[in-house]
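>>> kindly generate the corresponding structure for this input.
(chains A and B)
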Amino acid sequence: MGAGAFIQLVVTQATMLRRNVGFWLSSIIMAALSMAVFGWLFNPDTQPFDLALVDEDRTEASQSLMQAFDGLENVELKRGSQEDELESLEGGDRGAVVIVPSGFGADLGEGAASLVVYYDNSNPIRIGYVTSTVDAVVDNYNASVVGQTNAVTVDKQAVDTDNVRFIDFLTPGMVGMMIMWVNLGVGFLLVTWREQGILRRLGVTPLRPGSLIASQAVSFALISLTQTVIILGMGRLVFDVEVAGSYLWLALTVLLGVLAMLSVGYVIASLLKSVTSVNAVINLVAFPMIFLGGSYFPLDTPPVLNPLVNAIPLTHLNDALREVVNHSGGLGDLWLSWTVLAAWIVGGFVLSMRLFRWQ
Amino acid sequence: MSRVREHVASPAAGWTDEPGREVVLSVEGLTKRYGSLVAVDAISLDVRRGETFGMLGPNGAGKTTTLEMIEGLRKPDSGRITLLGLDAVRQRRAVQERIGVQLQSQALWPDLTVDETLRTFRALFRRKVSLEELLGRFALADKRRSLVKNLSGGQRQRLSVATALVNDPEVVFLDEPTTGLDPQARHSFWDLVRDMRRQEKTVMVTTHYMEEAEALCDRVAIMDHGRIMALDTPRQLVRGLAFDNTVECSFAEPVDRERLMALPEVRDARSEDGTHFLFTNDVSATLAGLMGITDDSGQRVQGLQVRTATLEDVFISLTGRRLRD
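Numbering: from 1, shown residues only, chains lettered A, B, ... in the order given. The predicted model follows:
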């Protein structure tokens, strides 16, 4: 098949997908609504959290700093030993532990002291809020109590994900979810074509199944890239979500996600006959994937589920998207997710090419 | 009935089985089984260039399966298909470049326009007819920007045929092309087929309408249970019957076939669902005998129809069943 013919097939299919507004718009609306709900109405960033204060210094200065934390909204203060509180932090019961080290008072007397804050790094929902809360208290303390900016500095520990707000976490997850919905839909499309006799009709032309599938993949990739631009554009304009990493890595991740989800869609279409059963199976596959794959919330699944979570393609698509968008990740951070997606692509396409039937 | 006779006259009279004409399709011992069911049972036939060849039979006779094997959609269990000098099974794609197919269902994308549909099908072939020519020939030029889902049944039918001709095929296969069409659409479809014939295309068409086979086909293969029961021009098939006329009748009370067979000049009699078909060479003698039955026994005739023998009668006399209800 020549390039012109291939382009015509891509144009045809992209046109059909574009005209089928419900197909691509529903997932955009779902993503946009989720971002609006969590970005404005119910922002987990501002939910109460436990903040532990550990005074190792026990001087007048350290105690005055402790008092500066009193009366914070949305924060429940805890006090305890460093050992206990860090244990609680590891157990997920503290948003952060502020440690005033011994020698703090003496250092402050000399003009510069620092305190250490340990964050719950596994919970990106709170990190941004915790950071700004502690910073605000310390800034206020410097200004009103010491009367000197930067007298006390904050040493942020265990924070390699500085300032990831929930909306920053959610946006790439919504891109992953959209890619999943639209591209699993190829299964629905293919079975509809089979039911309408369109696949049989194509089967009596010289068209090869491989050319059909390749042109389909390109047109679905066009739709998914467009959706990604729309959602990331909305994130940027409305919620200030920045793409920290490379757009090339982002595009490659999207393409791998598209192909992985298409391959799952093709396998479903190859195994099932009726449109209704394909629809049911796609929903059955998609909904658990959205949650297990962590599109909305950070994963906190029981260890029993770990093999499943690590096997599903959406987990890795979301991970890779977040690496690029939130952490400006490079190849070193992306290769594992990419490899798993590639494995799905190869496995899915080999299987569906074997099972492919024109009728 | 008279209209049907007219249709019989035209193509059959025009067709002469010229031995010089090249055989474009040769089928030998073609067989397809589904489990214990033999869908197509070792059929053989030759089709010559320019011929319009019909396969007539009821649903399940094996017409579609035969066509699908020739088109490359199904693999035969045994037998050979030589189409345009190529092995239709092993050189499937080379054959598919040069044939046109209209399947039973009008397989069109509802969300594409007429233009886009034709462009897409054209892209699949090396040899292409120009878009303008197709739009003109199928009277779709003013509908070119309409979505397929907004077309009328007749327009959709024309578009469907147009997609089968985008590659200027040498052989065209039409699988029950007029099933479900209203009489007007059916007649305009027949004109399209006659157009193909004028363009020297070889056409193979399946149908369960005997009028269609009589109106369109140079030769007709009558199929039943996967076998070819008879194959000839429609005229010869009818002539080959041992009778000229059929008396179709039904009675208030059941009547034995033996009794009907004993009527004057009845060559054969078949019954289906209370309707009897009496094949005769002398209508008046047979009718007189029939009236005798009603006089003798007080039987009442409920329906009576006398007609010149048609392809349908060929089918009834071969199988004992009607083509369709």
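>>> and the pLDDT for A:Leu299?
Confidence at A:Leu299, expressed as pLDDT, is 72.
>>> find the nearest non-adjacent residue to it, please.
Residue nearest to A:Leu299 in three dimensions, not counting chain neighbours: A:Val309, with 6.3 Å by Cβ to Cβ, 6 or more residues apart in numbering or on different chains. Just so you know, the C-beta spots here come from the backbone N, C-alpha and C atoms, and that holds for glycine as well.
>>> show me the contacts for residue 192.
Answering for chain A, as no chain was given. When contacts are counted by Cβ atoms under 8 Å, 6 or more residues apart in numbering or on different chains, A:Thr192 touches A:Val275.
>>> that was the other one, I meant chain B.
B:Phe138, B:Arg158, B:Val161.
>>> if I look at the nearest residue to B:His225 once chain neighbours are set aside, how far off is B:Lys75?
Counting by Cβ to Cβ, 6+ apart, B:His225 lies nearest to B:Ala61, which is 6.7 Å off, once chain neighbours are set aside. According to Cβ to Cβ, to the nearest Å, B:Ala61 stands 20 Å off from B:Lys75.
>>> cool, and B:Gly274?
For B:Gly274, the distance to B:Lys75 - Cβ to Cβ - is 43 Å.
>>> please enumerate the strands of chain B.
Taking DSSP state E, the strands of chain B run over residues B:23-34, B:37-48, B:52-56, B:78-83, B:86-87, B:99-102, B:171-175, B:202-207, B:219-224, B:227-232, B:245-251, B:266-272, B:275-280, B:301-308.
>>> again but with chain A, I slipped
Using DSSP E, the strands found in chain A span residues A:49-55, A:75-79, A:96-100, A:113-119, A:152-157.
>>> wait, which of these is closest to B:Gln96?
Set against B:Gln96 and scored by Cβ to Cβ, those come closest in strand A:113-119, at 64.7 Å.
>>> the strands of chain A: which one's closest to B:Thr280?
Taking the strands of chain A one by one with Cβ to Cβ, strand A:49-55 is closest: 100.6 Å.
>>> helices or strands up against that closest one?
Strand A:49-55 sits against helix A:60-68, strand A:75-79, helix A:82-90, strand A:96-100, helix A:124-141, with contacts defined as 3 or more Cβ pairs under 8 Å, 6 or more residues apart in numbering or on different chains; DSSP states H and E.
>>> pick the most deeply packed of those.
Ranked by mean neighbour count, the helices and strands packed on strand A:49-55 are led by strand A:96-100 with a mean of 25 (mean count of other Cβ atoms under 10 Å in any protein chain shown).
>>> follow-up on the earlier one: who has more neighbours out of B:Ala61 and B:Lys75?
Neighbour comparison, B:Ala61 and B:Lys75: the larger count goes to B:Ala61, with 26 against 10 (by other Cβ atoms under 10 Å in any protein chain shown).
>>> output the below-cut-off pLDDT ranges for the chain.
This is for chain A. Flagging of chain A using pLDDT under 70 yields the residue ranges A:43-47, A:91-92, A:121-126, A:158-164, A:300, A:358-359.
>>> chain B was what I was after
B:1-20, B:324-325.
>>> follow-up on the earlier one: the residue nearest to B:His225 contacts B:Met229, correct?
No - applying Cβ atoms under 8 Å as the test, B:Ala61 and B:Met229 come out as separate, 9.2 Å apart.
>>> mind listing the shared neighbours of these two?
B:Met223.
>>> spatially central residue for the chain, please.
This is for chain A. For chain A, A:Gly173 is the residue whose C-alpha lies nearest the centre (Cα atoms, centre = their mean; 3.3 Å).
>>> please refer instead to chain B.
Taking Cα atoms, centre = their mean, chain B has its central residue at B:Thr207, 3.0 Å away.
>>> residues in contact with stretch A:284-294?
In contact with stretch A:284-294 (Cβ under 8 Å, 6+ apart) are residues A:173, A:176-177, A:180-181, A:184, A:264, A:268, A:296-297, A:299, A:301, A:305, A:308-309, A:312-315, A:317-318.
>>> then it to PDB, C-alphas only?
What follows is stretch A:284-294, C-alpha atoms only, in PDB (Å, rounded to 0.1, in the frame of the first residue of the first chain):
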ATOM      1  CA  LEU A 284     -15.100  -4.000  33.300                       C
ATOM      2  CA  VAL A 285     -11.500  -3.500  32.400                       C
ATOM      3  CA  ALA A 286     -11.500   0.300  32.500                       C
ATOM      4  CA  PHE A 287     -13.100   1.200  35.800                       C
ATOM      5  CA  PRO A 288     -10.800  -0.900  38.000                       C
ATOM      6  CA  MET A 289      -7.900   0.300  35.900                       C
ATOM      7  CA  ILE A 290      -8.600   3.900  36.700                       C
ATOM      8  CA  PHE A 291      -8.400   3.300  40.400                       C
ATOM      9  CA  LEU A 292      -5.700   0.600  40.500                       C
ATOM     10  CA  GLY A 293      -3.700   2.600  38.000                       C
ATOM     11  CA  GLY A 294      -3.800   5.600  40.200                       C
END
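>>> in it, what counts as buried?
The neighbour-count check on stretch A:284-294 (16 or more other Cβ atoms under 10 Å in any protein chain shown) flags A:Val285, A:Ala286, A:Met289, A:Ile290, A:Leu292, A:Gly293, A:Gly294 as buried.
>>> show me what from the stretch 151-300 of chain B comes close to chain A.
B:Thr163 (Cβ under 8 Å from any Cβ of the partner chain).
>>> would you map the helices across the stretch 151-300 of chain B?
Applying DSSP state H, counting those that start in this stretch to the stretch 151-300 of chain B gives helices spanning B:153-164, B:183-198, B:210-216, B:234-239, B:257-261, B:283-297.
>>> now those as JSON lines including distance to B:Thr52?
Converted to JSON lines, the helices of the stretch 151-300 of chain B look like this (distance: least, Cβ to Cβ, whole Å):
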{"stretch": "helix B:153-164", "distance to B:Thr52": "14"}
{"stretch": "helix B:183-198", "distance to B:Thr52": "5"}
{"stretch": "helix B:210-216", "distance to B:Thr52": "6"}
{"stretch": "helix B:234-239", "distance to B:Thr52": "11"}
{"stretch": "helix B:257-261", "distance to B:Thr52": "37"}
{"stretch": "helix B:283-297", "distance to B:Thr52": "32"}
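>>> out of these, which one sits most buried?
Buried most deeply of the helices of the stretch 151-300 of chain B, by mean count of other Cβ under 10 Å, is helix B:210-216, with a mean of 26.
>>> hey, C-alpha coordinates of that one in CSV?
C-alpha atoms of helix B:210-216 as CSV (Å, rounded to 0.1, in the frame of the first residue of the first chain):
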residue,chain,number,x,y,z
MET,B,210,-36.7,-15.7,-10.0
GLU,B,211,-37.8,-12.5,-11.8
GLU,B,212,-34.4,-11.1,-11.2
ALA,B,213,-32.6,-14.1,-12.6
GLU,B,214,-34.9,-14.1,-15.6
ALA,B,215,-34.5,-10.3,-16.1
LEU,B,216,-30.7,-10.1,-15.7
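>>> and B:Arg307, how many residues sit next to it?
The burial count for B:Arg307: 15, using other Cβ under 10 Å.
>>> that one contacts B:Phe243, doesn't it?
No - assessed by Cβ under 8 Å, B:Arg307 is found out of contact with B:Phe243, at 11.5 Å.
>>> flag every residue of the stretch 151-300 of chain A that's near chain B.
Going by Cβ under 8 Å from any Cβ, the residues of the stretch 151-300 of chain A near chain B are A:Gln196, A:Gly197, A:Ile198, A:Arg200, A:Arg201, A:Leu202, A:Gly203, A:Val204, A:Thr205, A:Pro206, A:Leu207, A:Arg208.
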